[in-house]
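Participant: Kindly generate the corresponding structure for this input.
(one chain, ligands or ions: 2)
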Amino acid sequence: MLRTRGPRLPPTDHGLLLGRLCRRLFPPALGLGRGERGRPTGRPVSGGRGRGWLQPTGHDTGVQVYNSLTRRKDPLIVANAEAASWYSCGPTVYDHAHLGHACSYVRFDIIRRILTKVFGCNVVMVMGVTDVDDKIIKRANEMNISPTSLASFYEEDFKQDMAALKVLPPTVYLRVTENIPQIISFIEGIIANGHAYSTQKGNVYFDLKSRGDKYGKLVGVAPDPVGEPVDSDKRHLSDFALWKAAKPQEIFWTSPWGNGRPGWHIECSAMSSLMFGGQLDLHSGGIDLAFPHHENEIAQCEAFHRCKQWGNYFLHSGHLHIKGKEEKMSKSLKNYITIKDFLKKFSPDVFRLFCMRSNYRSAIDYSDSSMQDTQRLLLGVTSFVEDARAYMRGQLACASVREDQLWERLADTKVAVKAAFADDFDTPRAVDAIMSLIHHGNRQLKAVTKETAGPRSPAVFGATVSYIEQFLETVGISLANQQ
Ligand SMILES: Nc1ncnc2c1ncn2[C@@H]1O[C@H](COP(=O)(O)OP(=O)(O)OP(=O)(O)O)[C@@H](O)[C@H]1O
Ligand SMILES: [Zn+2]
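Facilitator: Residues are numbered from 1 along each chain as shown. Ligands and ions are numbered 1, 2, ... in the order given. Okay, here's the model as predicted:
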């Protein structure tokens, strides 16, 4: 639902119900990234990033989160714990998903689970699916099929891969092609508010100058006009497209400006607003999306809603690289491992634990040896749990156990894990705390002969196993079927 100081948008069918849950006007300011899908480019702007971030009011989750808008850890305050609003940029569906995508979506899935299960937020997550764009059209032409068939095939494929990785589906997926009238209304609103203009060629551009020094809250750069065609119909070369006039033979929708299709950035602004109106708690994506994509989303939304701050927290995940390679794993660079190929060798739980061993913001090096190392770590957990169970059943005789120490370790671990999660979802620290608990548990489980066995302390091992299982369940890892 749009709250609207700008023009009104018709809600989508899916959006209607959930959109009602999430109101309250509110506000936002970081990044780095790529040009209209590709070039890392931009020039510094005055004013700029982090300036004037408004701390939201509402429910303090107890988590300190690294906010790309301020480039520091801020207390994560959501408007309403019963419906914390989260918009996630989804895939552009023109090829199989790879481990880079897996890394980003698994990391945010872990964060979502922690927010829900440890910090009691009911998260409403919307994921936008880009099912029409230049790359989709190009690939469909090469394959001699319609862009719609291509996109729907790869969207389904993406969903299957995510399910295989145990990534929880968003509360709702919104497809660009199912929201074109809403996107058009959104563009009309930006034009009406004086921040966009149409051209004779049937394009609509965001008027960057109209934002004054307000553009650049996130990354602090403006799109670099280098490479713009000489016959560009933009008023200023840094302006970016909201609506693109159709080229001959291209898929199009009718609009007040002629036949065409939406620009990339506007999709996410419009679809997020359809669900959550003029205020958004959390927005996530890979770091490449910070600029220009998220920067432009901010400009569009604040121009449409005429508000000072639209998204309150921007979370960006670091890239997955093949070990030793500079570039991120990427469809366009053709240097990728598909999720399906990966899952022939390793379990989704191993991948999840691998993701947890680094902070979600850091770049991550993929190699088979680091996966094998993580596999061994998970096997270590499984074997501790099996030994502890054998002990509980009386099948493993041990010397007397320092029970008081184990109880104390268990209590300390619980505190340490929660503190790590509350500190910007510090999963490596949480994993270390669990591994240390297991290390101490293992030290007490020294097998001896039945004759020399000491008094038994099954309860403390029961409590430890139960807690470890609960921890793993929280982050989406299951110990069953590990090999
Ligand atoms: N190597 C990677 N590591 C981490 N995240 C990635 C990687 N590649 C893509 N992502 C993230 O996956 C999400 C979906 O990306 P999208 O489908 O737009 O991919 P893309 O960037 O167009 O693909 P590619 O770069 O492979 O051509 C985005 O949040 C993006 O930042
Ligand atoms: Zn997006």
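Participant: so what's the residue in the stretch 101-250 of the chain positioned nearest to ligand 1 up against?
Facilitator: Among the residues of the stretch 101-250 of the chain, residue 104 lies closest to ligand 1, at 3.6 Å counting by C-beta to the nearest ligand atom. (C-beta placed from N, C-alpha, C; glycine too.) The contact partners of residue 104, by C-beta atoms under 8 Å, 6 or more residues apart in numbering, come to 285-286, 317, 320.
Participant: can you check residue 343 too?
Facilitator: 164-165.
Participant: what kind of secondary structure is it in?
Facilitator: helix (DSSP: H, G, I helix; E, B strand; the rest coil).
Participant: what separates it from residue 93, distance-wise?
Facilitator: Residue 343 is 19 Å from residue 93, where distance means C-beta to C-beta, to the nearest Å.
Participant: One more: residue 289?
Facilitator: Taking C-beta to C-beta, one finds residue 289 at 16 Å from residue 93.
Participant: Let me know how buried the nearest residue to residue 267 once chain neighbours are set aside is, in neighbour terms.
Facilitator: Distances taken as C-beta to C-beta, 6 or more residues apart in numbering place residue 176 nearest to residue 267, at 4.7 Å, with adjacent residues excluded. By other C-beta atoms under 10 Å, 24 other residues sit near residue 176.
Participant: Likewise for the one 5 residues further on?
Facilitator: Under the neighbour criterion other C-beta under 10 Å, residue 181 is assigned a count of 14.
Participant: and whatever helix or strand it lives in, how far from the chain's centre?
Facilitator: In this assignment (DSSP states H and E), residue 181 forms part of helix 180-192. Here helix 180-192 is found 26 Å from its chain centre; the criterion is C-alpha atoms, centre = their mean, to the nearest Å.
Participant: Now whichever helix or strand comes after that helix: buried residues?
Facilitator: Sequence-wise, the next helix or strand downstream of helix 180-192 (DSSP H and E) is strand 196-198. Neighbour-count burial for strand 196-198 flags 196-198 (criterion: 16 or more other C-beta atoms under 10 Å).
Participant: could those go into TSV alongside distance to residue 366 and pLDDT?
Facilitator: TSV is the format used below for the buried residues of strand 196-198 (distance: C-beta to C-beta, whole Å; pLDDT from 0 to 100):
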residue	distance to residue 366	pLDDT
196	41	98
197	45	98
198	45	98
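Participant: Indicate the residue of the stretch 201-350 of the chain located nearest to ligand 1.
Facilitator: Counting by C-beta to the nearest ligand atom, the stretch 201-350 of the chain gets nearest to ligand 1 through residue 286 (1.9 Å).
Participant: Now go through the contacts of residue 104 and say which are in strands.
Facilitator: Secondary structure assignment by DSSP state E places 285-286, 317, 320 of these in strands.
Participant: Turn those residues into CSV, including neighbour count and pLDDT.
Facilitator: Formatted as CSV, the ones in strands among the contacts of residue 104 follow (neighbours: other C-beta atoms under 10 Å; pLDDT from 0 to 100):
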residue, neighbour count, pLDDT
285, 24, 98
286, 22, 97
317, 26, 98
320, 26, 96
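Participant: list the contacts for the spatially closest residue to residue 276 that is not a sequence neighbour?
Facilitator: With sequence-adjacent residues excluded and distances taken as C-beta to C-beta, 6+ apart, residue 276 is closest to residue 85, at 4.4 Å. Residue 85 makes contacts with 22, 78-79, 124, 126, 275-276, 279-282, as judged by C-beta under 8 Å, 6+ apart.
Participant: average pLDDT across the helix or strand hosting residue 85?
Facilitator: In this assignment (DSSP H and E), residue 85 forms part of strand 84-92. Mean pLDDT, strand 84-92: 98.
Participant: Can you get me the centre-to-centre distance for that strand and its chain?
Facilitator: Taking C-alpha atoms, centre = their mean, one finds strand 84-92 lying 7 Å from the centre of the chain it belongs to.
Participant: Mind listing the strands that strand pairs with, and their directions?
Facilitator: Applying DSSP bridges, strand 84-92 is found paired with strand 123-130 (parallel), strand 280-286 (parallel).
Participant: Run through the neighbouring helices and strands of whichever helix in the chain runs longest.
Facilitator: Identified as the longest helix of the chain according to DSSP state H is helix 368-392. In terms of contacts (3 or more C-beta pairs under 8 Å, 6 or more residues apart in numbering; DSSP states H and E), helix 368-392 is packed against helix 348-356, helix 427-444, helix 458-475.
Participant: what angle do whichever helix or strand comes after it and helix 458-475 make?
Facilitator: Counting by DSSP H and E, the element after helix 368-392 in chain order, helix or strand, is helix 403-422. Per axes from the mean of the first three to the mean of the last three C-alpha atoms, to 10 degrees, the angle that helix 403-422 makes with helix 458-475 is 10 degrees.
Participant: List the buried residues in helix 403-422.
Facilitator: Buried residues in helix 403-422, counted by 16+ other C-beta under 10 Å: 406, 409-410, 413, 416-418, 420-422.
Participant: now do stretch 303-316
Facilitator: Using 16+ other C-beta under 10 Å as the burial criterion, the residues of stretch 303-316 that qualify are 303-305, 307, 309-316.
Participant: hmm, that stretch touching ligand 1?
Facilitator: No. Counting by C-beta under 6 Å from any ligand atom, ligand 1 has no neighbours in stretch 303-316; the shortest distance is 8.1 Å.
Participant: from the middle of its chain, how far away would that stretch be?
Facilitator: Centre-to-centre, stretch 303-316 and its host chain are 17 Å apart (C-alpha atoms, centre = their mean).
Participant: if we can go back for a sec, from the ones in strands among the contacts of residue 104, which is closest to ligand 2?
Facilitator: residue 285 (6.2 Å; C-beta to the ion).
Participant: pretty sure that closest one is touching residue 88, no?
Facilitator: Yes. Here residue 285 reaches residue 88: they are 6.9 Å apart, a contact under C-beta atoms under 8 Å.
Participant: residues in contact with the residue of the stretch 51-200 of the chain found nearest ligand 1?
Facilitator: Nearest residue of the stretch 51-200 of the chain to ligand 1: residue 100, at 2.3 Å (C-beta to the nearest ligand atom). Counting by C-beta under 8 Å, 6+ apart, residue 100 touches 286, 319-320, 328-330, 336.
Participant: Can you give the distance of the stretch of helix or strand residue 156 belongs to from its chain's centre?
Facilitator: Under the criterion of DSSP H and E, residue 156 resides in helix 147-164. With C-alpha atoms, centre = their mean as the basis, helix 147-164 stands 18 Å off its chain's centre.
Participant: now do stretch 307-325
Facilitator: Distance of stretch 307-325 from the chain centroid (C-alpha atoms, centre = their mean) equals 8 Å.
Participant: Would you work out how far apart the start and end of it are?
Facilitator: End-to-end distance of stretch 307-325 (C-alpha to C-alpha, to the nearest Å): 42 Å.
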